[in-house]
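Colleague: Sequence first, then the predicted structure:
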Amino acid sequence: MKLAATIIRLKIGDEIDVRAKSPSNDNNNELPDPSNIYTYMLGRFARITGLEHDNLCKYFEFSRCLTIPNGYALLSEHYSDPYFRDDGFLNNKLGNQNLQSVFSVAIQVCSALEFCHKNCFAIGSLSLDKLYVVPKKENEEIHVKLSQFGLCFISGIYYHKLLSSNEFPLYLAPELLLNLLPQGLDHSNYFCVDIWSFGILLIELFTGWRFSEVFSRRQISDVLATLLVKENEGSILPQLLNKIKNVCPAFAKRQISLNPVYQIILNCLNIQPSKRPNSTNLLQMLKKAAIDANISEAEGNDNKTNFVDLDEEIDQIKERIKNENQFERLGFNQKVLNELFFLWKLCGSSFETILLRKGLIKTQPPILTLPSLIIENFHMFGINETDRSILPVCIFELPMKNLIQRLNDLNYSKRFITLEFKKEQEEISNGGNTTIDSKSFREEEETCGIQSLLVKERDIEYQYQRMRLFRHLLAAWPSKSELLRAESCHDIPPVYRGAVWAAILGVLPFNKNGENFDDHLWQSFYSLDTFSEHISDRQLQVDIPRCHQYDELMSSPLAHHQLKILLKALLVSRKDEFVYWQGLDSLSAPFLILHFNDLSTAFRCLNAFIDRYLRGFFLKDNSIVIRSYLAEFMRVIEFCDSELFAHLVSLDFQPELFAIPWFLTCFAHVLPLHKLFHLWDALLLSDSEFPLFIGVAILLQLRSKLIKANFNEAILLFSDLPDLPIDQVVSTAKFYHSRWR
């Protein structure tokens with residue numbers, strides 16, 4: 001497995017469908033300013049990045065190219081071996097593909113297509129050029145993955161507008177060529193386009209011939225035009241095959257291989273989109289055709305074994321181990337690609353720096369980017385922003401050498417996780433929880449225990465061990481829940497923060513290892529009516545567009561839509577007790593970011609969090625709860641720093657003036673998200689009193705200024721909090737919390 005960067009460059013004049021399918025965007029007829037396109041695309045990318053399928057290359061990151069005007073990059077999983085080589089012939093590494101292998105590939109691609117359609121987006125650029133072969137071990141079936149499946153959805157430009165110069169026209173459905181599809185945001189209108197493309201893919205797959213080797217682009221355009229004129233209805237398959245045989249008689253020998261799937265292709269290439277099968281029916285038809293051809297789905301796995309051949313020579317064993325995937329030897333597999341990408345980012349330079357260094361992105365000399373003419377009011381002529389860089393639209397492999405070298409340099413013993421524990425139990429200082437200590441962390445604590453969280457999160461060796469440990473603990477949850485809490489007391493790897501928070505809050509994950517744990521929980525969330533008018537709708541329309549807008553994802557229209565659904569679900573589910581108070585949107589944002597594509601889990605985490613730490617805060621009349629909470633806060637201040645308490649009392653500076661937003665949102669309204677995540681890592685492991693001590697810790701950070709301030713100066717100090725060292729705030733809060741108990 002490798003990483004790749006797909007670079008796309010949008011022209012200013014392109015028609016960009018950036019109006020996300022969201023009720024939050026009321027004026028659907030207005031296109032945003034080009035400078036805002038990035039946030040729209042980022043929201044769509046977040047919609048896709050959480051989707052995982054065995055036959056789809058996983059997306060990791062979407063970013064803006066600084067050296068390319070209107071250029072954007074998608075970082076994704078990648079493989080070196082395409083199913084077809086650049087010269088149009090089958091990859092030599094695949095050997096001779098029998099009918100069973102071809103059916104297997106077709107079913108895998110169709111399964112990926114069905115998965116995309118069920119998740120409400122079209123691929124739009126389906127072709128064999130996007131098909132890559134996953135390295136396989138001996139006696140294993142061929143495994144393929146589809147890349148660039150989300151490119152058109154993310155960019156909002158269907159590939160006849162963005163990639164028409166790179167795609168073969170035959171993959172374009174007639175209605176797409178003739179621009180007959182309705183203009184709108186409903187991607188189901190484009191599902192039939194994918195079915196047409198899949199029909200062309202089946203012809204190339206079963207015959208082993210690429211149309212690009214038979215026809216030129218101009219020839220196939222003429223052929224399509226002729227066929228579309230002759231055939232107003234029905235399928236173009238018979239006429240297309242006749243045209244191919246006339247141009248290339250040798251193709252007739254391969255046409256017989258289409259017999260098992262001839263009827264399927266016939267249906268896919270129907271000129272009328274409404275008469276093409278959907279992806280679900282198509283998958284069933286393919287499986288039935290495989291059975292009719294006497295091919296069992298289980299066939300090919302009989303010879304699969306995970307045991308070492310006892311007759312294998314030592315030299316053969318060494319050679320086999322040498323040829324194994326290097327990342328698999330280091331403990332990575334297809335299920336933990338997010339770990340691999342996280343470590344790759346810690347290794348050094350960005351993808352853009354790598355591509356510039358290798359000359360794959362060529363920037364023009366500055367002298368050539370100057371305008372030819374400047375007239376009054378500084379109107380410039382003879383300059384084009386897109387001419388400042390020269391870049392073809394394609395995929396670039398990113399080097400993994402540095403990461404492999406760093407991981408190979410690790411102490412060999414640290415590559416393994418031991419879950420052996422000491423028999424004695426020890427008390428954790430910040431909560432009094434009785435937990436079992438693990439040897440793995442204690443060994444690491446000697447070298448990393450004194451480092452700050454930011455330093456730890458940038459330490460490749462440390463994060464490698466922590467991610468492996470948490471992966472095992474989450475897989476063993478809930479039986480290892482106590483150990484998970486014990487390890488979380490030290491730090492939580494960013495990659496697994498969402499899953500760890502859900503486990504600590506006792507939220508059963510909806511989807512674990514591809515299996516639905518509790519379908520009822522998922523259905524109960526989506527049965528809530530979040531689309532009807534609600535008394536809080538007007539306030540939500542005001543608050544949501546202002547919620548953590550410095551964060552790129554939260555500023556996207558899709559995030560606004562998701563946040564609105566999450567908030568309305570909470571209000572509808574607890575309509576007898578909850579009302580919307582300002583700040584609830586900020587409180588919900590961390591759970592939305594961590595579970596962007598699983599609102600059911602985000603909703604249950606938010607519910608559990610409120611029940612544990614904010615019980616009674618969102619009642620219609622919450623004055624009694626807030627007054628009692630603030631009174632307790634003053635008691636804690638007096639306990640921790642009596643001098644500061646006396647000074648605040650002398651100023652008559654009551655906590656109502658500054659602390660209500662703190663406790664109503666558990667500091668989500670006053671802290672940036674990256675600091676809030678670290679703060680809540682500690683908060684979730686403590687009881688409901690801990691927010692009081694966080695508040696005291698913040699006051700102690702401001703003590704030197706606060707103790708000398710008068711009333712007006714104190715007001716100004718709290719109106720704009722300075723940058724707070726969260727590590728010190730958390731450690732101070734833990735210290736006083738342990739003494740209070």
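Modeller: Cool, the structure landed.

Colleague: what does the average pLDDT come to for stretch 7-27?
Modeller: Here the mean pLDDT over stretch 7-27 is 50, rounded to a whole number.

Colleague: what residues go with each domain of this protein?
Modeller: With domains defined by automatic domain parsing, the chain comprises 1-78+317-331+347-397, 81-292, 412-496, 519-613, 623-740.

Colleague: Nearest to residue 506, out of the ones you listed?
Modeller: Across the domains of the chain, residue 506 has its closest neighbour in domain 519-613 (6.3 Å, C-beta to C-beta). (Glycine included, C-beta is placed from N, CA and C.)

Colleague: hang on, the earlier thing: kindly reformat the domains of the chain as JSON lines containing distance to residue 504 and mean neighbour count.
Modeller: As requested, these are exported to JSON lines (distance: least, C-beta to C-beta, whole Å; neighbours: other C-beta atoms under 10 Å):
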{"stretch": "domain 1-78+317-331+347-397", "distance to residue 504": "21", "mean neighbour count": "16"}
{"stretch": "domain 81-292", "distance to residue 504": "29", "mean neighbour count": "18"}
{"stretch": "domain 412-496", "distance to residue 504": "6", "mean neighbour count": "16"}
{"stretch": "domain 519-613", "distance to residue 504": "9", "mean neighbour count": "18"}
{"stretch": "domain 623-740", "distance to residue 504": "5", "mean neighbour count": "17"}
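
Colleague: Redo those as TSV? Include distance to residue 338.
Modeller: Listed next are the domains of the chain as TSV, based on distance: least, C-beta to C-beta, whole Å:
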stretch	distance to residue 338
domain 1-78+317-331+347-397	7
domain 81-292	16
domain 412-496	5
domain 519-613	13
domain 623-740	16
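
Colleague: wait, is residue 251 part of a strand?
Modeller: No - under DSSP: H, G, I helix; E, B strand; the rest coil, residue 251 sits outside any strand and is assigned helix.

Colleague: pretty sure it is touching residue 242, no?
Modeller: No - in terms of C-beta atoms under 8 Å, residue 251 does not count as a neighbour of residue 242; the distance is 10.4 Å.

Colleague: list residues touching both of those two?
Modeller: With contacts taken as C-beta atoms under 8 Å, 6 or more residues apart in numbering, residue 251 and residue 242 have no neighbour in common.

Colleague: do you know which of the domains of the chain lies nearest residue 337?
Modeller: With C-beta to C-beta as the measure, domain 1-78+317-331+347-397 is the member of the domains of the chain nearest residue 337 (5.3 Å).

Colleague: Kindly check the end-to-end length of stretch 665-682 for me.
Modeller: For stretch 665-682, the first and last residues are 16 Å from each other (C-alpha to C-alpha, to the nearest Å).

Colleague: cool, stretch 359-374 as well?
Modeller: Using C-alpha to C-alpha, one end of stretch 359-374 lies 32 Å from the other.

Colleague: Would you map the strands across the stretch 151-300 of the chain?
Modeller: For the stretch 151-300 of the chain, no strands turn up when DSSP state E, counting those that start in this stretch is the criterion.

Colleague: So, low pLDDT: which residues of it?
Modeller: Low-confidence segments of the stretch 151-300 of the chain, defined by pLDDT under 70, are located at 157-169, 179-189, 230-232, 295-300.

Colleague: could you pull out the helices for it?
Modeller: Taking DSSP state H, counting those that start in this stretch to define them, one finds helices in the stretch 151-300 of the chain at 151-155, 159-162, 174-177, 191-207, 211-214, 217-230, 237-247, 252-255, 262-268, 279-292.

Colleague: Distance from the chain centre to the fourth one, please.
Modeller: This means helix 191-207. Here helix 191-207 is found 28 Å from its chain centre; the criterion is C-alpha atoms, centre = their mean, to the nearest Å.

Colleague: when you compare where it runs with where helix 237-247 runs, what's the angle?
Modeller: Our comparison of helix 191-207 with helix 237-247, counting by axes from the mean of the first three to the mean of the last three C-alpha atoms, to 10 degrees, yields an angle of 40 degrees.

Colleague: and helix 191-207, what other elements does it pack with?
Modeller: Of the remaining helices and strands, those touching helix 191-207 by 3 or more C-beta pairs under 8 Å, 6 or more residues apart in numbering; DSSP states H and E are helix 99-118, helix 174-177, helix 211-214, helix 262-268, helix 279-292.

Colleague: closest one to residue 599 among these?
Modeller: Across those, residue 599 has its closest neighbour in helix 99-118 (16.7 Å, C-beta to C-beta).

Colleague: Residue 405: neighbouring residues, count only.
Modeller: Other residues near residue 405 come to 10 when the count uses other C-beta atoms under 10 Å.

Colleague: three-state assignment of it?
Modeller: When classified by three-state DSSP, residue 405 comes out as helix.

Colleague: how near is it to residue 279?
Modeller: According to C-beta to C-beta, to the nearest Å, residue 405 stands 43 Å off from residue 279.

Colleague: And residue 196, by the same measure?
Modeller: With the distance defined as C-beta to C-beta, residue 196 ends up 12 Å from residue 279.

Colleague: next one: residue 77
Modeller: Computed as C-beta to C-beta, the residue 77 to residue 279 distance reads 22 Å.

Colleague: Could you do residue 49 as well?
Modeller: Distance from residue 49 to residue 279, counting by C-beta to C-beta: 21 Å.

Colleague: Using TSV, please lay out the helices of the stretch 151-300 of the chain together with distance to residue 9.
Modeller: Putting these into TSV (distance: least, C-beta to C-beta, whole Å) gives the following:
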stretch	distance to residue 9
helix 151-155	10
helix 159-162	9
helix 174-177	22
helix 191-207	23
helix 211-214	24
helix 217-230	22
helix 237-247	34
helix 252-255	38
helix 262-268	32
helix 279-292	31
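
Colleague: what's the closest of those helices to residue 123?
Modeller: Within the helices of the stretch 151-300 of the chain, the stretch nearest residue 123 is helix 191-207; the backing value is 5.2 Å (C-beta to C-beta).
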